[in-house]
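Asks: missing the sequence, but the structure's below:
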């Protein structure tokens, strides 16, 4: 999981709670520009385990959203590190406005992706070369999966768990968390709520 100052807490800890239920099969690492303390959008402090330069080989990298993405889309060093991670990691995922960061690297050019519907105009302005999908809980295109706003990251995480470990395992994780998994990526009422079509 990528961290940066002012990330959205649920974007990170929602998906990590789902993957964390499989701690006998999954190892979680948090990465940032520098290892150490990161402050969330709500003012909480968390710790990045390693710097980008020291990141281990990953099976999946997740880029969250939050107000900090507005700053990071203009941070050339951060964008370069994200692009490199996207290139060398077998699976890449974004939550919420994390799609804006990946789009700004150019790595999403020609790919289908979605993002937070309330921030849609800003996110999609980061690249006209992305095939933005306005009505979707999450979108998979090749090795990249992008999710809509905040809680959709948990639905996407369960989808990724199902892909790797089977749907029965993903359902067990959701039930353990007492979470109602929206397992249909087209089940997205928030597009219409935000004027992005029926």
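Replies: Received the coordinates, thanks. This is a predicted model, so every value here is computed, not measured.

Asks: What segments of this structure are helices?
Replies: For the chain, applying DSSP state H gives helices covering 9-20, 69-72, 76-88, 98-104, 120-124, 152-165, 167-176, 190-193.

Asks: Buried deepest among the ones you listed, which one?
Replies: Most buried of these by mean neighbour count (mean count of other C-beta atoms under 10 Å) is helix 98-104; its value is a mean of 28. No exception for glycine: its C-beta is placed from N, CA and C like everyone else's.

Asks: could you list every residue that touches residue 154?
Replies: Applying C-beta atoms under 8 Å, 6 or more residues apart in numbering to residue 154 gives the contacts 14-15, 17-18, 179, 181.

Asks: which one of these is nearest residue 66?
Replies: residue 14 (12.4 Å; C-beta to C-beta).

Asks: Now that closest one: closest residue in space that isn't a chain neighbour?
Replies: Distances taken as C-beta to C-beta, 6 or more residues apart in numbering put residue 154 closest to residue 14, at 4.2 Å, once the chain neighbours are dropped.

Asks: Could you do residue 83 as well?
Replies: With C-beta to C-beta, 6+ apart as the criterion, residue 83 has its nearest non-adjacent residue at 4.0 Å, and that residue is residue 105.

Asks: now swap in residue 9 and tell me
Replies: residue 40 is the one closest to residue 9 (C-beta to C-beta, 6+ apart), at 5.0 Å.

Asks: And the closest residue to residue 135 other than its chain neighbours, what's its pLDDT?
Replies: If the residues on either side of it in the chain are set aside, residue 135 comes closest to residue 191, at 4.0 Å by C-beta to C-beta, 6+ apart. With respect to pLDDT, residue 191 has a value of 88.

Asks: Could you do the one 4 residues further on as well?
Replies: Per-residue confidence for residue 195 comes out at a pLDDT of 88.

Asks: any idea how far it is from residue 118?
Replies: Note on residue 195: its distance to residue 118, by C-beta to C-beta, to the nearest Å, is 10 Å.

Asks: Between these two, which is the more surrounded one?
Replies: Taking other C-beta atoms under 10 Å, residue 195 and residue 118 do not tie; residue 118 has more neighbours (16 against 9).

Asks: what sits against that one?
Replies: Going by C-beta under 8 Å, 6+ apart, residue 118 touches 149, 190, 194.
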